[in-house]
Each structure stands twice: as structure tokens, then as C-alpha cells.
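[1] A structural model of the following input is requested.
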Amino acid sequence: MKRAHVTGAIALLAAAGLALSGCAGTPSGGSDAGPAGDGEIVSGPGVDLDTKTIKVGALVPVSGVFAGAITNIEGMDAAFHRATQPGGAMEGWTLEVVNQDTKYDAATAIPLYEGFKDDVAMVSLVLGSTIIDAMLPSIETDKMTLIPGGTTPNLQFADHLVPSLPMTSSHAASLIPYAVETYDVEDATFCSMTVEDTLGKYIQENFDFTLEELGLTKGIDTTFAPNADQLTAQITSMKNADCDVVMTGGTGGFLQTLAVQSVQQDFAPLVLAGNSAYNITLATGPGADWLAENAIISVPGDEWLGENAPGQAMLIEDLEAINPDYTPSANAHLTGYVNGLLTADILAQALKNGDLSRDGIATAATEIGTWEDELGLTGGDVVIGATAAENVPPHKLSMFRIDGSVPTGLKLEAYNYDSDVAVKYLESVAP
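    Sure thing, here's the model as predicted:
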């Protein structure tokens, strides 16, 4: 990723697609901050100038059904490894991840944040729109710079939040046009099944927006409780409503539950799911055959061993450097890696400015401007505005099918699919 200042009007920007070397020690971005740490530096929480160590917070669930999310942290560690090597954006420094297990629960996450906020310089990864939403008052009071794992429109333009990837709630605006173009479903009945939380609310909004834009036929909307283990009633309703295509929205193992219980009811629509639904067992766990036949999943970036994104090989190289025994995870490793590279560039800019205080880091984030997608991992350039209202996230998503023959269980069908509806949706939710 390369840092460049914004000039002129803020606009949605296409991916640059420029190749970078995959050698260890290559700068994580083209930051012009120079070797970090020269001259007088104002310190702040989580910064030890004597040891040149900066602690970066994360709030990622790593137990129970969400145990696999630890790969987000592994991805961030891999990015920090690269950034601190010779030639990296934070050469000569140590970046340390401090994660707290939120159990994907806001009531658990908020005390954890309050407990470690004075020991970290910034927070680079939080999973769960409901959790981030609940954190906002404290984030703003604390002047804490936060790069979420994913955003919804109510978070995308909040003060101190920095975008890095396409909005988690906006995948319908890419999945549905792609399905219409590729699978001949323009005459189908489209239904939704979304989780009853902040993420589900905005997935539903994006679903409705997309159907209206494309003039498609809407069937019924169904919802389910977080961590629900029974979807029989929802499946019955959708089957009775002759739903041909189902846009889903949720986290955890709900796709497997949907698959197993749909088989029992002889229900086989085309199922669309965004990256929040991905886990590494989709191709091997319950309902894998049904999902392989019926599901399309949109995830930023390339296939695990793909050659479309120059940064994919770099990600793998850096993971091998920190953990030769890692297990590939398509969505989580990439999210942590992208957020880690952006974190390093923000901290490098703060060092260039000589100010690692909370205010200094917040200012440095706004000075990034356009973070160009030279690595091909983010789905387009990220615009970090001088004010939060000027933020523009990327919007391109890659389309995958479930396939147990590939390392992550996701086989690429289309890389960086570009949807006009996704662009229009971003424009519609901007302040």
C-alpha cells in the first residue's frame, strides 16, 4: 500500500494494480516517512521510546465458535513483521499486538477496551459492528484511532475510525449484480435472511437498495438471533415463498446450520453471503456439499495461491516467517494483514511528524490521504479524509465458490468484481 495525499475532490478510486517485490524487508507501503524515530518524539499511551516499542490493541474473539478468528491477529503480526524489517515503514521498531477476547459480545468487549485503552497507542482491529457501535462514545472521548475489521454506514463516517476494506454490510450490492450477470437470475425471487443486530440491519438495507436499483422481484425477509442453532422456521417460510435467491448476513456458523437444515427440507436456492459469513470449515464441515452446490461468497482479495493480487504472495511469505505451521484463512488473515500494514503507515507518519500521542496519531491518519491498493488486497484505493465525513472505502469484491480442493475452501470465480450498484450505494450513505 502506498501513501499519497489527497488533491482535489474526494472520489472513488480504482485499484492501481502495481506489483511490489515480495522480498522480506520491502516497505509495507511507499511511505515517505523515512527511517522511523529520528529526532525528538512526543510519546503517548502504549509507546515506549526507550525500547522503541509500540503496543497496538485489538478486540477479536478467539474462543468458542469464533476460535478461528485468531488468524486475524496472525495476519496483523505478519504485517508488523514486514513493517519492522530493514526498509519497512517502521524499521527499527517493535510493533506488539495486544488482543482481548471479546467472545463477539458487546457487554464483554466494552470493559475489556476500558481495561487496556491506556496501554495501547491505537486499536487496529475490532470485529463486530454492534461492538464497535457501543465503543464509539469512548473512542471519541479517548481520541483513540481505530481501524475496524469491517464497517457499516453508521460507523464508516464516525470520528477516529479509519476505513481499510469494503463495508461489511455492502456485499449485496456486488453479489446480486454478479449473480444476475453470471447465473441468469434476473427473473428470480430474491429473499433475505439476516442476523438480528447492527450488521444484519445494514445488510438488509443494502439488499433492499440493490433490488430497487436493479428492478428485481423481492420475496420475503427473514431474521435469526445471533448464534441461532435452529433456522427451520426461516427455511420453511422462504421455501413457501418460492425464494430462488437468498441474501444472507451474519457471522459464526450460521451458513452450516442453513445448509444442514435446508437439506432436510429439500430447499436449494442460490445463497449469497458476504465475508462476515466465512470460516475455514465451510468446505469441510457440516453441509459442505450443499454449500459447494448453492453458495457464492464475496471476499476481498485473491484466491490463496492466486496471482491476481501482488500482495497475496507477500502475505503468504510473511505468515511463513512468523509461523511456518499456519493454517490458511482467506478472510481473516487478509483483514489482519491489511489493517496491520495501514497501522504501520499511520504510525510511520506520526513518527515523521514527531508525535506519537493520541492527537498525533489521529492527525497522522488524516494525512495518509489516498492509500493506494498496489497490493490488490483491499478491493480498490482507500480514501482517508481530512474529516471522517470524507472517508471513502473501497468497493470491489472477489467472488468465490466453496471448494475443498483449495487451501482456504474458497475457489476464485471472479477477482475484484466492479459493481456500479456498490458505487451508488456508497454515494447514497455518504454524509
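
[2] C-alpha from now on. contacts and neighbour counts both.
    Noted.

[3] least confident secondary structure element in the chain?
    strand 2-4 (a mean of 35; mean pLDDT, DSSP states H and E).

[4] in this protein, which spans are helices?
    70-84, 106-116, 129-142, 153-156, 172-183, 198-214, 232-240, 254-264, 288-294, 310-322, 330-353, 358-367, 420-429 (DSSP state H).

[5] list just the one of the ones you listed that sits closest to Glu91.
    Each of these was checked against Glu91 via C-alpha to C-alpha, and the shortest separation belongs to helix 70-84, namely 4.2 Å.

[6] what's in contact with the closest one?
    24-28, 58, 60-62, 88-97, 99, 315, 318-319, 321-322, 329, 332-341, 344 (C-alpha atoms under 8 Å, 6 or more residues apart in numbering).

[7] tell me the buried residues in stretch 121-135?
    Of the residues in stretch 121-135, those buried under the neighbour-count criterion (16 or more other C-alpha atoms under 10 Å) are 121-133, 135.

[8] whoops, I mixed them up, stretch 58-78
    By neighbour count, and taking 16+ other C-alpha under 10 Å as the criterion, the buried residues in stretch 58-78 are 58-62, 66, 68-78.

[9] which residues touch Lys201?
    Applying C-alpha under 8 Å, 6+ apart, we find Lys201 in contact with Thr194, Val195.

[10] now it: how far from Arg82?
    Distance, Lys201 to Arg82, using C-alpha to C-alpha, to the nearest Å: 37 Å.

[11] same question for Leu342.
    With distances taken as C-alpha to C-alpha, Leu342 is found 12 Å from Arg82.

[12] where does the protein dip in pLDDT?
    Applying pLDDT under 70 to the predicted model, the residue ranges of the chain that meet it are 1-39.

[13] got the domain ranges for it?
    Per automatic domain parsing, the structural domains of the chain span 2-166+303-394, 169-299+414-429.

[14] to Arg401, which of the ones you listed lies closest?
    Across those, Arg401 has its closest neighbour in domain 169-299+414-429 (5.2 Å, C-alpha to C-alpha).

[15] what about the closest one, how long is it end to end?
    Domain 169-299+414-429 has an end-to-end distance of 12 Å (C-alpha to C-alpha).

[16] give me phi/psi at the closest residue to Ala69 other than its chain neighbours?
    Counting by C-alpha to C-alpha, 6 or more residues apart in numbering, Val62 is the residue found nearest to Ala69 once chain neighbours are left out, at 5.6 Å. Per-residue torsions, Val62: phi -130, psi 20 (degrees, to the nearest 10).

[17] over to Asp229?
    The phi and psi values for Asp229, taken as degrees, to the nearest 10, are phi -110, psi 10.

[18] I'd assumed Leu255 was in contact with it.
    No: contact criterion C-alpha atoms under 8 Å: Asp229 and Leu255 do not qualify, at 10.5 Å.

[19] between those two, point out the one with more neighbours.
    Leu255 (24 against 14; other C-alpha atoms under 10 Å).

[20] any idea how far Pro166 is from that one?
    In terms of C-alpha to C-alpha, Leu255 sits 21 Å off from Pro166.

[21] and of the helices of the chain, who's closest to Gly409?
    helix 330-353 (8.3 Å).

[22] ok and that closest one relative to helix 310-322, angle-wise?
    With axes from the mean of the first three to the mean of the last three C-alpha atoms, to 10 degrees applied, the angle from helix 330-353 to helix 310-322 works out at 90 degrees.

[23] helices or strands next to helix 330-353 in the packing?
    Applying 3 or more C-alpha pairs under 8 Å, 6 or more residues apart in numbering; DSSP states H and E, we find helix 330-353 packed against helix 70-84, strand 122-126, helix 358-367.
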